[in-house]
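S.K.: Here is my input, please return the structure:
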Amino acid sequence: MSDHKNCPVCKSQFTVKDHSRPSWNLIVYCSDDCRLNKWKVGHNKKLEKQILEMVSHPEVTTICPSDVLPPEQQNDWTQWEAVREAARRLVARGEIELTQMGEVVDPFLFKGQVRFRKKQNWT
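M.R.: Residues are numbered from 1 along each chain as shown. Presented below is the predicted three-dimensional model:
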């Protein structure tokens, strides 16, 4: 029996605790938070893919976060935050940039409206 597992939600490695040793084969997630948010994994990957497809379109320079959401979800702020989280992951991987008034902004420090664009490779 391995004493380590990788959480499918947050990707962190966790180890068996003595009190959970008898049921170790049944444990999948590292925490209750990950167990309760497991649905987000597929949803977030879908958002990342959608953002990349939209900013990669040859006729598009930038997109608004609301462009990613269907009309029925545009008033749901939890969905807006899911789009921003997906965008932050794409920024961390170097695939897109977040801009305000044409200037690149820090994905964790910006306030107000923001737009997404494909990462600019200046040489």
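S.K.: Poorly predicted segments of this protein, please.
M.R.: Within the chain, the stretches with pLDDT under 70 are 1-2, 18-22, 37-43, 122-123.
S.K.: Centre-most residue in it?
M.R.: Per C-alpha atoms, centre = their mean, the C-alpha nearest to the average position across the chain is that of Ala86, at 2.8 Å.
S.K.: what are the phi and psi angles of the nearest residue to that one once chain neighbours are set aside?
M.R.: Nearest in space to Ala86, with sequence neighbours left out and distances taken as C-beta to C-beta, 6 or more residues apart in numbering, is Leu47 at 3.9 Å. The way it works is simple: take the backbone N, C-alpha and C, and place the C-beta from them, glycine included. With angles defined as degrees, to the nearest 10, Leu47 shows backbone torsions of phi -60, psi -40.
S.K.: close enough to count as contact, Leu47 and Arg84?
M.R.: No: counting by C-beta atoms under 8 Å, Leu47 does not reach Arg84; the two are 9.7 Å apart.
S.K.: So which of these two has more stuff around it?
M.R.: Neighbour comparison, Leu47 and Arg84: the larger count goes to Leu47, with 23 against 18 (by other C-beta atoms under 10 Å).
S.K.: so who does the more buried one touch?
M.R.: Listed by C-beta atoms under 8 Å, 6 or more residues apart in numbering, the contact partners of Leu47 are 68, 82-83, 86.
S.K.: For these, name the two members farthest from one another.
M.R.: The span of the contacts of Leu47, defined through C-beta to C-beta, is set by Val68 and Ala82 at 9.3 Å.
S.K.: Show me which of the two is the more surrounded one.
M.R.: Ranked by neighbour count (other C-beta under 10 Å), Val68 and Ala82 place Val68 first, with 24 against 20.
S.K.: My understanding was that the more buried one contacts Ile51; is that so?
M.R.: Yes: the criterion here is C-beta under 8 Å, and Val68 meets it with Ile51 at 5.8 Å.
S.K.: Strands along the chain, start to end?
M.R.: Here the chain has its strands, by DSSP state E, at 4-6, 13-15, 96-100, 103-104, 115-118.
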